[in-house]
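Chemist: this one's structure only:
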């Protein structure tokens, strides 16, 4: 099976992927952040590097999905290919940071890639308020993320809410991170695990 975790920057995707991999014995596939050659440059100069960054992300995500498809194990993936196309890229386009010409090229590439892969068996969406996102971003202390603007996070949150509401490609589970801190609270993690079991196996 293919389990995917979606959510805004700092929502806890990587942490939850690690926790679920440990609990269920799933194979985790993480977002390529540390080896991303564009990320630090993007936060320093969004106008210059936005298109490059989105092309790198969609390529990396497509490669991940192809590996997941070949895997004989259940895989939990940190972020989906859909978030790049329906949230980050259009947000950057609307902000004037990706030109219409480049955005249309990107969309064409995404539509070609997405036509060749299957959606996840379960999408877990981590819904978090901007204050929670900021707290978790500061906690992990990535230097290049220190300059992320609050209005940027809020704009992404609004797009995430619209996307998850209209998501019809498969099963989805929404976790309110503000009220279920699975990182620090064992009961909250048990709640999330119970919800996942119910979605996958029809329990409870």
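Modeler: Ah, there it is. Small disclaimer: the values here were computed from a predicted structure and weren't measured.

Chemist: So what sits opposite residue 6 in the bridge?
Modeler: According to DSSP bridges, the residues that bridge with residue 6 are residue 125.

Chemist: That one is in contact with residue 80, isn't it?
Modeler: Yes. In terms of Cβ atoms under 8 Å, residue 6 counts as a neighbour of residue 80; the distance is 5.2 Å. All C-beta spots, glycine's among them, are computed from the backbone N, C-alpha and C.

Chemist: Common neighbours of those two, please.
Modeler: Jointly contacting residue 6 and residue 80 under the rule Cβ atoms under 8 Å, 6 or more residues apart in numbering are residue 123.

Chemist: so where do the helices sit in this protein?
Modeler: In the chain, the segments counted as helices under DSSP state H are 13-24, 39-44, 46-70, 81-83, 89-94, 100-114, 130-140, 150-166, 186-201.

Chemist: List the buried residues for the fourth one?
Modeler: Applying a neighbour-count criterion of 16 or more other Cβ atoms under 10 Å, the buried positions in helix 81-83 are 81-83.

Chemist: In terms of distance to residue 182, which of the residues you listed ranks first?
Modeler: Using Cβ to Cβ, the shortest approach to residue 182 within the buried residues of helix 81-83 belongs to residue 83, at 19.9 Å.

Chemist: check contacts around that closest one.
Modeler: 6, 160, 163.

Chemist: The same query, at a cut-off of 7 Å, please.
Modeler: Counting by Cβ atoms under 7 Å, 6 or more residues apart in numbering, residue 83 touches residue 6.

Chemist: what do you get for residue 55?
Modeler: Residues touching residue 55, when contacts are defined by Cβ under 7 Å, 6+ apart, comprise residue 106.

Chemist: okay, and the helix or strand of this protein with the least pLDDT?
Modeler: helix 39-44 (a mean of 87; mean pLDDT, DSSP states H and E).

Chemist: which helices and strands sit right next to that one?
Modeler: Counting contacts by 3 or more Cβ pairs under 7 Å, 6 or more residues apart in numbering; DSSP states H and E, the secondary-structure elements packed against helix 39-44 are helix 46-70.

Chemist: now the angle between helix 100-114 and the helix it packs on, please.
Modeler: 10 degrees (axes from the mean of the first three to the mean of the last three Cα atoms, to 10 degrees).

Chemist: Let me see the mean pLDDT of helix 46-70.
Modeler: In this model, helix 46-70 has an average pLDDT of 92.
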